[in-house]
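Trainee: turn this into a structure:
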Amino acid sequence: MKSANYIFKYLLITAVISSCQNYNPQSANLVFKNGFIYTVDSLKSTAEAVAIRNGKFIYVGDDKGVEGFIGDKTKVIDLEKKLVLPGFIDAHCHPISSYRYFFELNLYDIKSIQEIQNAIKEYLKSHPDAEYIKGRGWSDTDFPITGPDKKIIDEIVKDIPVSFTSDGGHSIWVNSKTLELAGITESTINPDGGVIERYANTNEPSGTLRENASDLVSKVFPDYTVNDMMKGLEKYQDMALSFGITTVHDAYLDAGSNETDAFRNLENDGKLKIRFRASLYIDPEKGVEQINLLNDERIKNKGDLFQTNSAKIFIDGVVEGSTAYLKESYKHITDSRGELLWDLEKLNEICSELDKNKYQIHVHAIGDAATSVTLNSFRFAENQNGKRDTRNSITHLQLVDPPDIDQFKEMGIIAIPQPYWFIKDDYYYNIQVPFLGQKRADAEYPMKSFFDSGVVVASSSDYPVTIPCNPLKAIQIGITRSDLNTTDSGEILWPEERVTLGQMIRSFTINGAYANFLEDETGSIEVGKMADLIVLDKNLFVIPVTTINEAKVLLTLFEGKEVFVDSTFNLSDN
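Mentor: Below is the predicted model:
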């Protein structure tokens, strides 16, 4: 009996010792090896392997070194030399609009009046009890300067209100019933910062409402519910993750609304698979008292994945609506320089108070005058409150006065362009050249100048203005500044502003992280950072630049979790 107990104890001790010998205190949950890993660190390093534990990178280096992080339970993936990048970051977009894109009438890429009318008929067939119709996606390039006519919709729908937002999001097209319910007639005056398009001879509203005039019909339609928005956000996440996007800045949410509730609910339910930062809208018709509502909202949104630390200001409109604020008159309306949406004194006051309350300020500026006005207000706030690391940003930047670029660098302001738009397309030929003149149309969307001046450039899509919001498409266009389907050198928009592959990748990774105060958490593949990475089927550094848009994301990892896997990618343990 004594001997048996001795043997049992001996076997138990031996098993424990053996177990301890096999235990690796630094073993990873997941290891990728045999890859081409472009880390986007400060040295632009490359690596062969990474090890991940508890959602973070614990090793970045060569294949030999990663062996020390492989334990009995480590999943090991052979990348077979595939390219790995940090997860992409979209620095300005509108995921909250996704319900409208995925579940309402979608007019994107529908060009003719007959096709639009057919789409409305089909929608009515599938929604016979509809009390209203909403949708999005028509293009200003397909209609006259005054926009689409209400009669086109009236021919199909007379008894219920209809509202279609333009693809750019700055105009809506409505039918006569909508105008009737909203009380908009020939005697209705244009609201500040808005335009009611009219028939030339009668002054009767023709059906297109620009900028703030869109608000005149908002009460005709019911608000989106929290569940509607959550449903749209989940669809957006699936799409964005398939493009390798792991961090996003939603550039326009209303404080105290269903919009912020939707994000919080998803985070509380464990259903957010993307890191969201967001800007809260500032109304030019209200004073500094509205910042109290922003403060209340900011306190509520302190989750790891959803925060609202930024404020959104619209300075002007858009060129296609003749509402972008320019330093020189429009070519087609020689007595107009567009719309400045703010009283300058109020703008200075609101920027100063936002800065005092430690908000980032995220500004929409299309025209060169709009950018200059914004810079002046940022300077005013800095003079009032003292210099600090604000990381304020200006987005779109279609026209920029060259001397203003140095002010971006001096004040630490981030440039947030949409490289998807750097092409000579229908907007260029049908809107920009006629509205701006050839010289200004050919000097749109600077990018290299910002990089050359040392400005942080964080790229974005402005989804759903841009669909699809695939960063690989934007990376190619940023390098070529021409449409994906052309090799004609005459079709390059401002060739001197072309940038490099490395600059484009940085603009969609570490610079986007910096723009959101997240550079210590994500944006590059470095030890201690969250394991946000993507695996591509092609190495962008060796394929022809004109084929970058054809590359495909095979795997998206968010904080170490597999959130998208292409059906062709083998994720089995090697």
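
Trainee: helices of the stretch 1-150 of the chain, start to end?
Mentor: For the stretch 1-150 of the chain, the helices defined by DSSP state H, counting those that start in this stretch cover 2-22, 63-66, 98-103, 113-126, 150-154.

Trainee: residues in contact with the third one?
Mentor: The contact list for helix 98-103, computed with Cβ atoms under 8 Å, 6 or more residues apart in numbering, reads 134-136, 165, 224, 228-229, 231-233, 235-236, 464, 467. All C-beta spots, glycine's among them, are computed from the backbone N, C-alpha and C.

Trainee: can you count the residues close to residue 244?
Mentor: Close neighbours of residue 244, defined as other Cβ atoms under 10 Å, add up to 28.

Trainee: tell me, how many residues neighbour residue 112?
Mentor: 9.

Trainee: contact partners for it?
Mentor: residue 142.

Trainee: looks to me like residue 564 is in a helix.
Mentor: No. Residue 564: not assigned to a helix; according to DSSP: H, G, I helix; E, B strand; the rest coil it is strand.

Trainee: who does the spatially most central residue of the chain bridge with?
Mentor: Centroid check for the chain by Cα atoms, centre = their mean gives residue 93 as the closest residue, at 2.6 Å. Using DSSP bridges, the beta-bridge partners of residue 93 come out as residue 250.

Trainee: and it, how far from residue 370?
Mentor: 20 Å (Cβ to Cβ, to the nearest Å).

Trainee: these two touch, right, the residue nearest to the centre of the chain and residue 460?
Mentor: Yes. Judged on Cβ atoms under 8 Å, residue 93 makes contact with residue 460 at a distance of 6.0 Å.

Trainee: now for those two: what residues contact both?
Mentor: Jointly contacting residue 93 and residue 460 under the rule Cβ under 8 Å, 6+ apart are residue 249.

Trainee: where are the low-confidence patches of the stretch 201-350 of the chain?
Mentor: Counting by pLDDT under 70, the stretch 201-350 of the chain shows no low-confidence range.

Trainee: one more: the chain?
Mentor: In the chain, residues with pLDDT under 70: 1-25.

Trainee: give me the number of residues near the nearest residue to residue 455 once chain neighbours are set aside?
Mentor: In space, and not counting its chain neighbours, residue 455 is closest to residue 408: 4.4 Å by Cβ to Cβ, 6 or more residues apart in numbering. Counted with other Cβ under 10 Å, the neighbours of residue 408 add up to 26.

Trainee: do the one 4 residues further on as well
Mentor: The local packing count at residue 412 equals 16, with neighbours defined by other Cβ under 10 Å.

Trainee: pretty sure it is touching residue 388, no?
Mentor: No. Using Cβ under 8 Å, residue 412 makes no contact with residue 388, being 9.2 Å away.

Trainee: and residue 217, what is it in contact with?
Mentor: 161, 163, 172, 174, 178, 179, 181, 182, 184, 209.

Trainee: please narrow those to those residing in helices.
Mentor: Among the contacts of residue 217, DSSP state H puts 178, 179, 181, 182 in helices.

Trainee: what about the last one, how many neighbours?
Mentor: Read that as residue 182. The tally of other residues near residue 182 (other Cβ under 10 Å) stands at 21.

Trainee: now residue 554: how far from residue 537?
Mentor: 5 Å.
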